[in-house]
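K.L.:
Could you work out the structure for the sequence below:
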Amino acid sequence: MKTETPKSDVEVLSIVLADDHTVVRSALRMLLEAESDIEVVAEAGTAEDALRYVRGHRPSVLILDLDMPGRPSLEVLPEIIELSPETGVVILTMRSEPEFARQALKSGVRGYVLKEAADSELVQAVRSAAAGETYLQPALGAKLVTERAEDQPGGLSEREQGILELIALGHTNAEIADRLFLSIRTVESHRANIQAKLDLGSRAELVRYALDRGIIGA
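P.N.:
Numbering: from 1, shown residues only. Predicted structure coming up:
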């Protein structure tokens, strides 16, 4: 591995870069190390190698491709996170299907970026992951939000389901408005839409609906 000279006096983000294509790793290294506070400390061609380098370097961020030889990345991922929970994991992949992003995020990754957008989005994802924040490529995030809204009980939007949960837990319209930073009139409008969509008239019916569908616990 080449010897790196100190880049600056600021804190440097250390990166382990895992992709099975050498030319891809080379391009990504150039992209990342163009930043004054980012340094690639190791390159891996398999998820197992990534695990080994994370163990040795405890990097700020691991950039991990989903499709590499050997054990699947999603299978090794929990071991990586358990080994070095302080390391933020960013998935960089060709996999644009929302289910892969959903599974990765559930596994504890902090970022999910498609390779086609690496030039414009990877550095931001790395910085977010190093800061303990989650970064999801906006175009992919939009797909997830759309699917999530379609999957809500009774066709409720995510906002409406959240308000239904608070109603079922006994909060008044004023309390809900205060908690969600909405106007009382907006909450009343959402509540009316919820009741219309579910064809339910009373709070008791809303509570029973929420219990039956696991929106709130019994």
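K.L.:
So I80 sits against I63, correct?
P.N.:
No: between I80 and I63 there is no contact under CB atoms under 8 Å: 11.9 Å. (Each C-beta comes from the backbone N, C-alpha and C, glycine too.)
K.L.:
Compare the two and say which is more crowded by neighbours.
P.N.:
Set I80 next to I63 and count neighbours by other CB atoms under 10 Å: I63 wins out with 29 against 25.
K.L.:
Quick check: neighbours of the helix or strand where the more buried one lies in the sheet, parallel or antiparallel?
P.N.:
Assessed by DSSP states H and E, I63 sits inside strand 61-64. Applying DSSP bridges, strand 61-64 is found paired with strand 13-18 (parallel), strand 88-93 (parallel).
K.L.:
Save those as JSON lines, and put in distance to S128 and mean neighbour count too.
P.N.:
JSON lines is the format used below for the strands paired with strand 61-64 (distance: least, CB to CB, whole Å; neighbours: other CB atoms under 10 Å):
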{"stretch": "strand 13-18", "distance to S128": "11", "mean neighbour count": "24"}
{"stretch": "strand 88-93", "distance to S128": "8", "mean neighbour count": "24"}
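K.L.:
Check which residues of stretch 94-109 are buried.
P.N.:
95, 98, 100-105, 107, 109 (16 or more other CB atoms under 10 Å).
K.L.:
Serialize the strands paired with strand 61-64 to TSV and add fields for distance to A177 and mean pLDDT.
P.N.:
TSV is the format used below for these (distance: least, CB to CB, whole Å; pLDDT from 0 to 100):
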stretch	distance to A177	mean pLDDT
strand 13-18	41	98
strand 88-93	35	96
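K.L.:
Same list, these, but as a markdown table with distance to L180 please.
P.N.:
Compiled in a markdown table, the strands paired with strand 61-64 are given as follows (distance: least, CB to CB, whole Å):
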| stretch | distance to L180 |
| --- | --- |
| strand 13-18 | 35 |
| strand 88-93 | 29 |
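K.L.:
what about E175, neighbour count?
P.N.:
15.
K.L.:
sec struct for it, please.
P.N.:
Using DSSP: H, G, I helix; E, B strand; the rest coil, the structure places E175 in helix.
K.L.:
Apart from its chain neighbours, what residue comes closest to it?
P.N.:
With sequence-adjacent residues excluded and distances taken as CB to CB, 6 or more residues apart in numbering, E175 is closest to L166, at 7.5 Å.
K.L.:
ok, the one you found - contacts?
P.N.:
Taking CB atoms under 8 Å, 6 or more residues apart in numbering, we find L166 in contact with 175-176, 179-180.
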